[in-house]
Every structure is written in structure tokens, then in C-alpha cells.
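Visitor: coords below, sequence missing:
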């Protein structure tokens, strides 16, 4: 039986923020040259890059668009906020979906519920009400995604970045009543390392609803230069039936905006290139073994 090839991608945030057209023009040829299969496309601002030009870059490099990454900056919220903010956030997410459709990305992934860094305490009743409110406000966005042939990946974040969805189980339970072809779970090993007792168990908790997978070391650095159970994690992904790409997401300490936003206060590898190239090599080796 032939083992299925798992595509591996990277996020230009490893080097740049925001990721504008010039950053993509510089980064995509290098990713292709190193042997990556695909690329994540962060969309911090609705006009950071133009889909038409991005498609030309993808065609020229032979890379696929793995996902458009939605950025829930402060002021983008779907819960515990005013109606105008909800509408603006929904409009932004629709723009992400439209951009994904235009470049051929199957997923829009991110913490599509509340601004990153926004936290508050909730008892069980308040949490249930917040989840209900989120379902109400994300539903028209999911409808738009389904019409576009795009799936939303809801990314649980660690406790320091949100108090809404921290674990995969919380996220899977929240999306359970929503259509599976329109919304799933986006896994990120950085957050799961903090919040989950077992990476393989976290994968199993999302089995059948996994929309996208991001990978990096426990310190946000190079996959493999860490203590994570990569064999168990990747084996669980295969067993779950998920066939999407693995995308390396990391950040640079040399960009003021992203360093502060991602709390990257020191270099995470000898070079930013090493995060991508050494991570690619490591993932290829482990995938051959699982």
C-alpha cells in the first residue's frame, strides 16, 4: 500500500508582519526552492495582499494556498461586545473567506471568536451563554463559507491569549451543532502543548472535524527542537483520517509589531530560515516513520 504524501507548508510570519504583497513575492520562491508544498496566507488587514497577484505568485512557484489565516486583533470580536463590532468582525471574516476562495485555499483558520489577548472569568452559566452567542454570530459567516466552498478552522488558544476556547474538546463541543462542511477545528501544537495533557488525545478529540493543522516547537521554534511527542501526534493525525497539510507557524523577534503581538522576546533558532528548513526536514523524517 502506498503511503499518502503529507503536504508541508510554512507561514511567512516566520520572517514578516504584516504579510503584504512584497513579502509574499520575496518568500514564496524561497519556500518552493526549499521543497515546501504550500503556504499559509495571513490576512491581518483586509487589503494586505491582492488575491489576483497572489494567484500569479502561487502559479509561478508551484505552491498551493494551504489556508488564509484570520487575525483577531483587538477590536475584532464575536462575543461580549456591541453589535457594530460583531458586524465589522463578520465582514472581516467574510473578506478572509472571499480571499481564500480567490486563491484556492480550502480553509480560513484562526481564533474566530474574540480578540487575541482578551480574557475574562466565566462561570458555567456565563460560558454556556458565551458559546451560544458565538454560535449565533458565527453562523452567517459559516453560511458564507459554505457557499464559497471554504471551511472555517476554529483555533483554540492558550489561557494567556483567550478565555473562550482553550482546549480542543471545548472547541469541538462548541462547533458540534454547526455544519461539518463549513466549520472544524484548527490544531496548533504550541497551544495544545500548554493546554492539553496529551497531544495524541487532543487530535483524537477533534477526529472527523479537523480543518487545519499548524506545527511548531513548544517554544514556537523549530519543530523537532523540543520535547513534543511528534511521533504520537503525527500518528494520531494519520489514524484520524485527516489528510490536510502541516504548516509551520512561527514568528520573528526582529519585527516590532509581531514580536510584541506574539510575545517573541528572543530568537527562536539560529536563523529564521532554520525554523523553516530544519522543521521541514524533521517533519519529513518523522512522517516516514509513522
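Guide: Right, received. Where do you want to start? All values derive from a computational prediction rather than experimental measurement.

Visitor: Other residues contacting stretch 272-285?
Guide: Stretch 272-285 is contacted from outside by 8, 10, 14-15, 30-31, 34-36, 215-216, 221-225, 230, 234, 246, 248, 250, 252, 254, 268-269, using CB atoms under 8 Å, 6 or more residues apart in numbering. For every residue, glycine as well, the C-beta is placed using N, CA and C.

Visitor: counting contacts, what elements does whatever helix or strand residue 40 lives in pack onto?
Guide: Using DSSP states H and E, residue 40 maps to strand 38-43. Here strand 38-43 is seen to pack against strand 8-10, helix 21-34, strand 64-70, helix 83-103, strand 246-248 when contacts are counted using 3 or more CB pairs under 8 Å, 6 or more residues apart in numbering; DSSP states H and E.

Visitor: Could you spell out the sheet neighbours of it, each with its direction?
Guide: Counting by DSSP bridges, the strands paired with strand 38-43 are strand 8-10 (parallel), strand 64-70 (parallel).

Visitor: will you turn those strands into TSV that also has distance to residue 126, mean neighbour count and mean pLDDT?
Guide: Listed next are the strands paired with strand 38-43 as TSV, based on distance: least, CB to CB, whole Å; neighbours: other CB atoms under 10 Å; pLDDT from 0 to 100:
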stretch	distance to residue 126	mean neighbour count	mean pLDDT
strand 8-10	38	27	98
strand 64-70	25	26	98
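
Visitor: nearest to residue 199, of these?
Guide: strand 8-10 (17.7 Å; CB to CB).

Visitor: hang on, the earlier thing: save the helices and strands packed on strand 38-43 as JSON lines, and put in distance to residue 132 too.
Guide: Formatted as JSON lines, the helices and strands packed on strand 38-43 follow (distance: least, CB to CB, whole Å):
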{"stretch": "strand 8-10", "distance to residue 132": "34"}
{"stretch": "helix 21-34", "distance to residue 132": "39"}
{"stretch": "strand 64-70", "distance to residue 132": "22"}
{"stretch": "helix 83-103", "distance to residue 132": "14"}
{"stretch": "strand 246-248", "distance to residue 132": "31"}
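
Visitor: Export the strands paired with strand 38-43 as JSON lines, with columns for distance to residue 51.
Guide: Listed next are the strands paired with strand 38-43 as JSON lines, based on distance: least, CB to CB, whole Å:
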{"stretch": "strand 8-10", "distance to residue 51": "18"}
{"stretch": "strand 64-70", "distance to residue 51": "10"}
